[in-house]
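*Asks:* Give me coordinates for this.
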Amino acid sequence: MFSIIAAIGKNNELGKNNGLVFKIKEDMKFFKDKTTGHKVLMGSNTWRSLPGKLKDRENIVISTRDFEGPDLIIHDIKSFISKNVDSDEEIFVIGGGTVYMQLLPFAKFLYLTEVEAEDSGATTYFPEFNKNDYDIVLIKKGSENGLNYSFMKYIKK
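*Replies:* Below is the predicted model:
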């Protein structure tokens, strides 16, 4: 099964210059707590944006070429999806925008940190989706460095 995890702004802002738009310590902790012990799936730009391999997680990168670092590189996303979509194992999709778009139709859960802010300089956006297709649970609200945010869980109906 696939779960998506991301922090997004009011206009679905996701990334800026191959980094995060919003850097919130509590969101980083939430991300780590949710994904530790699981497989994390990402695109090659997201992989390159990380300071290194994500510890205590199996790092899987979608790429057309092979390179050192991740635990697994997959070249055929459609085959990977078909092999894992009905699995009981939760695989977290962690970015970027194109990977979110490809996996959104297959994700059972969306863990979204919804930040009550905008950034007109954003270069990557989370894909639009119909919230009516999900049951929505507020996990927690918070505020940090003048940014208000909510940890939300969307459960596909």
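*Asks:* all contacts plus neighbour counts: C-alpha atoms, from now on.
*Replies:* Fine.
*Asks:* Disregarding flanking residues, what is the spatial nearest neighbour of residue 149?
*Replies:* Nearest residue to residue 149, sequence neighbours excluded (CA to CA, 6 or more residues apart in numbering): residue 115, at 4.3 Å.
*Asks:* Read off the pLDDT value for that neighbour.
*Replies:* Note for residue 115: predicted pLDDT of 98.
*Asks:* One more: the one 5 residues further on?
*Replies:* We have a pLDDT of 93 for residue 120.
*Asks:* Same check on residue 23?
*Replies:* 89.
*Asks:* thinking again about what came up before, how near is the residue nearest to residue 149 to residue 152?
*Replies:* For residue 115, the distance to residue 152 (CA to CA, to the nearest Å) stands at 11 Å.
*Asks:* which residues of this protein score low on pLDDT?
*Replies:* Applying pLDDT under 70 to the chain flags no residue at all.
*Asks:* can you give me the helices for it?
*Replies:* Under the criterion DSSP state H, the chain contains helices at 25-35, 44-49, 77-84, 97-103.
*Asks:* who wins for proximity to residue 68 among those helices?
*Replies:* Among the helices of the chain, helix 44-49 comes nearest to residue 68, with 11.2 Å by CA to CA.
*Asks:* and the closest one, which residues are buried?
*Replies:* Neighbour counts over helix 44-49 (16 or more other CA atoms under 10 Å) mark 44, 45, 46, 47 as buried.
*Asks:* For residue 115 and residue 152, indicate the residue with more neighbours.
*Replies:* residue 115 (23 against 19; other CA atoms under 10 Å).
*Asks:* got the contact list for that one?
*Replies:* Applying CA atoms under 8 Å, 6 or more residues apart in numbering, we find residue 115 in contact with 7, 8, 9, 10, 22, 147, 148, 149, 150.
*Asks:* Which of those residues are buried? Put it as a PyMOL command.
*Replies:* Buried subset of those, written as a PyMOL selection, criterion 16+ other CA under 10 Å:
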select buried, resi 7+8+9+22+149+150
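*Asks:* Out of the contacts of residue 115, list just those in strands.
*Replies:* Among these, the ones falling in strands (DSSP state E) are 7, 8, 147, 148, 149, 150.
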